[in-house]
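> when you get a sec, could you give me coordinates for this:
(one chain, ligands or ions: 1)
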Amino acid sequence: MASPAIRFDTLGQVFDTRSGRTEALRDVSFEVARHEFVAILGPSGCGKSTLLRLIAGLLRPTSGSVEVFGLQVGEPRDDIGIVFQKPTLLPWATVEDNVVFPARHKRGRVSPEERERAAALLRMVGLEGFAKRLPDELSGGMQQRVGIARALLMDPDILLMDEPFSALDALTREVMGFDLLRIFAERPKTVVFITHSVSEAALLADRVLVMTGRPGSVLTDVVVPVGRPRGPETANEKAIHDLSAYLRSFLLQKAA
Ligand SMILES: Nc1ncnc2c1ncn2[C@@H]1O[C@H](COP(=O)(O)OP(=O)(O)OP(=O)(O)O)[C@@H](O)[C@H]1O
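I've put the predicted structure just below:
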């Protein structure tokens, strides 16, 4: 059987700092299959962002292991894309130059194919015609779309998304969620998506993990009982409402 895209095995993470010791994660074990979309919910400070940093190789586990495609994560990997809460674009560079930034950063130059790819990605995220604009000239939602296009430039197999829509207004957030469904239907990816929104998790993901409070570990792992493709009408399905209600009550009772 093919190895999972991501595998956490009895992982523990402790931070020792001058101000003391924080046990962020304890005994975390779960797998994410290739091209599966997993959302992670949990109370503030339970180690969700730390999980993403471990997958990306930006942090070494204190105990246990994290594997990506069967190999223990050591170095930061460039086959993993990351989308943050804020788009963190270069303010002086055009939209297009921001999207091709990972190529420039990696090799010091950008090939014509990468420029073409950037144009295609900008089309895909709905920003055709904005390539020569500066980030400041775009709305928050548009800037976040640039961040998504940038994360997809190197066609990573894994995309890590850390509360990517939390800085957006409610309507833009919903639209971005549906756009994401469309983008991944066109170009499947393995996605780990952190959110504080129960309904967003239910609507977008194949599976939802709920974490305990600190030290974080996986409290429950629920399969979303709705097929794909999904779209705006999916949000009205009873299964999504029921799952959201279940997750919400679970979080309120147990995870705090
Ligand atoms: N580099 C670090 N040094 C020390 N402590 C850290 C470090 N990174 C994270 N922590 C601590 O680990 C715990 C988990 O942090 P993390 O950011 O992963 O939580 P989170 O679930 O993403 O939180 P939120 O939902 O509020 O974004 C917190 O107590 C945090 O203070």
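> what segments of the protein are strands?
Counting by DSSP state E, one finds strands in the chain at the ranges 6-17, 20-32, 37-41, 63-68, 71-72, 80-83, 158-162, 190-194, 207-211, 218-223.
> now Leu138: closest residue in space that isn't a chain neighbour?
Distance criterion Cβ to Cβ, 6 or more residues apart in numbering; nearest residue to Leu138, sequence neighbours excluded, is Phe130 at 6.6 Å. C-beta here means a position set from N, CA and C on the backbone, and glycine is covered the same way.
> and that neighbour, backbone torsions?
phi -110, psi 10 (degrees, to the nearest 10).
> I'd say it and Thr94 touch.
No. If you go by Cβ atoms under 8 Å, Phe130 and Thr94 don't touch, sitting 9.0 Å apart.
> and the stretch 151-256 of the chain, which residues reach the ligand?
Where proximity means Cβ under 6 Å from any ligand atom, the interface of the stretch 151-256 of the chain facing the ligand comprises Arg214.
> all helices for this structure, in order.
Per DSSP state H, the chain has helices spanning 48-55, 95-99, 101-107, 112-124, 140-152, 170-186, 198-204, 238-250. These are given in chain order.
> the residue of the stretch 151-256 of the chain found nearest the ligand: neighbour count?
In the stretch 151-256 of the chain, the residue found nearest to the ligand is Arg214; the distance is 5.7 Å by Cβ to the nearest ligand atom. By the criterion of other Cβ atoms under 10 Å, Arg214 has 17 neighbours.
> can you check the one 4 residues further on too?
The tally of other residues near Val218 (other Cβ under 10 Å) stands at 18.
> which residues are in contact with it?
Taking Cβ atoms under 8 Å, 6 or more residues apart in numbering as the criterion, Val218 is in contact with 28-30, 209-212.
> same check on Phe178?
Shown in contact with Phe178 (Cβ under 8 Å, 6+ apart): 231-232.
> and it, how close does it get to Phe165?
Remark: distance between Phe178 and Phe165 (Cβ to Cβ, to the nearest Å) = 11 Å.
> got it, and Lys238?
Remark: distance between Lys238 and Phe165 (Cβ to Cβ) = 24 Å.
> more neighbours, those two?
A direct count of neighbours by other Cβ under 10 Å for Lys238 and Phe165 places Phe165 higher, at 25 against 8.
> ok, the residue nearest to the more buried one when sequence neighbours are not counted - how many residues close by?
Leaving out its chain neighbours, the residue that sits closest to Phe165 by Cβ to Cβ, 6+ apart is Arg173, at 4.4 Å. The local packing count at Arg173 equals 18, with neighbours defined by other Cβ under 10 Å.
> what of the one 10 residues further on?
When neighbours are counted by other Cβ under 10 Å, Ile183 registers 20.
> quick check: chain neighbours aside, which residue is closest to it?
Take Ile183 and drop its neighbours on the chain: the residue closest to it by Cβ to Cβ, 6+ apart is Met124, 6.0 Å away.
> wait, Lys48 touches Ile40, no?
Yes. Applying Cβ under 8 Å, one finds Lys48 in contact with Ile40, separated by 5.3 Å.
> list residues touching both of the two?
With Cβ under 8 Å, 6+ apart applied, the overlap between the contact sets of Lys48 and Ile40 consists of 194, 211.
> and the two? Which one has more around it.
The residue with more neighbours, out of Lys48 and Ile40 and counting by other Cβ under 10 Å, is Ile40; that gives 26 against 23.
> where's that one relative to the ligand, distance?
When Cβ to the nearest ligand atom, to the nearest Å is the yardstick, Ile40 and the ligand sit 9 Å from each other.
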